[in-house]
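> Give me a 3D structure for the following:
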Amino acid sequence: MVALEESGPASQAALSDRTGIHRSDLVAVINELAERELVERAPDPEDRRRNVITLTPLGRRRLRRLEQILDTAQDELLAPLSAAEREQLTRLLGRIVEHHAYGGPAMGPDGQ
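Residues are numbered from 1 along each chain as shown. Okay, the predicted model is just below:
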């Protein structure tokens, strides 16, 4: 939903690229969001073989509410940290995620 809010309507393939969610997994997510009327799936007018996914007004309201809940939870969790410490934590966690998502060493089945 955030990807749709930030970048606008998109095909399922484009959403997969934006979010890093595998296309087959994304279909299940979109199905659930569509059932809850948070997104709308419609044929792409430029290519009727694919669908364009759009955030609905209800989806926008739900996203704003979720962002408020997240902000409150983060404020409570990070209360002991100063603004500078919060920024440092965010940078460090980002480096860890980037390392493991984009080129860190692959782990074997035994966790090594």
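> Show me which residues of stretch 19-31 are buried.
I21, L26, V29, I30 (16 or more other CB atoms under 10 Å). Yep, even glycine has a C-beta here, placed from its N, CA and C like the rest.
> Restricted to helices, list those.
Within the buried residues of stretch 19-31, residues falling in helices by DSSP state H are L26, V29, I30.
> any idea which helix is longest in the chain?
The chain, longest helix under DSSP H: helix 57-77.
> where does this protein dip in pLDDT?
102-112 (pLDDT under 70).
> in it, which spans are helices?
Going by DSSP H, the chain shows helices at 2-7, 12-19, 23-35, 57-77, 83-101.
> Save those as JSON lines, and put in distance to R50 too.
Listed next are these as JSON lines, based on distance: least, CB to CB, whole Å:
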{"stretch": "helix 2-7", "distance to R50": "16"}
{"stretch": "helix 12-19", "distance to R50": "7"}
{"stretch": "helix 23-35", "distance to R50": "11"}
{"stretch": "helix 57-77", "distance to R50": "20"}
{"stretch": "helix 83-101", "distance to R50": "27"}
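> Kind regards, and thank you for your time.
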